[in-house]
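Participant: Have a look at this fold, sequence not included:
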């Protein structure tokens, strides 16, 4: 089963660290259910999140994931807030 990571965690089986936007494949249904309930994984494909700005227009949300890195609604990570905003405006 494949999932999108939405919260940073380390896999107990492989000791590999996963960050938001990463894909996580797991066959153990009990472990997958536990990670889903804990809020580390999202089922299905990622959706573009939107927020309403003060002028009632919708804009894409850029999520800060730490260390100067930002996650775009597509799941891609870029370094620098200005670069993330530029990519959103350009439609990347």
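Facilitator: Structure's in. What do you need? Keep in mind that what you see is a predicted model, and the values were worked out from it rather than measured. Numbering: from 1, shown residues only.
Participant: quick one, domains of the chain?
Facilitator: For the chain, automatic domain parsing gives the domain ranges 2-43, 50-90.
Participant: Mind telling me which of those the model trusts least?
Facilitator: Least confident of these, judged by mean pLDDT, is domain 50-90 with a mean of 75.
Participant: how close does residue 11 sit to residue 39?
Facilitator: Distance, residue 11 to residue 39, using Cβ to Cβ, to the nearest Å: 16 Å. All C-beta spots, glycine's among them, are computed from the backbone N, C-alpha and C.
Participant: Comparing those two, which residue is more hemmed in?
Facilitator: Taking neighbours as other Cβ atoms under 10 Å, residue 11 and residue 39 compare with residue 11 leading, 13 against 10.
Participant: tell me, how many neighbours does the nearest residue to that one once chain neighbours are set aside end up with?
Facilitator: Distances taken as Cβ to Cβ, 6 or more residues apart in numbering place residue 18 nearest to residue 11, at 6.6 Å, with adjacent residues excluded. Other residues lying near residue 18 total 20 when counted by other Cβ under 10 Å.
Participant: list the contacts for residue 18?
Facilitator: 5, 8, 9, 10, 11, 24, 40 (Cβ atoms under 8 Å, 6 or more residues apart in numbering).
Participant: If it is in a bridge, with which residues?
Facilitator: In this entry, residue 18 is beta-bridged to residue 9, by DSSP bridges.
Participant: separation between it and residue 81?
Facilitator: In terms of Cβ to Cβ, residue 18 sits 23 Å off from residue 81.
Participant: cool, residue 40 as well?
Facilitator: Using Cβ to Cβ, residue 40 is found at 25 Å from residue 81.
Participant: Neighbour count for those two, which is higher?
Facilitator: Between residue 40 and residue 81, residue 40 has the larger neighbour count (other Cβ under 10 Å), namely 17 against 13.
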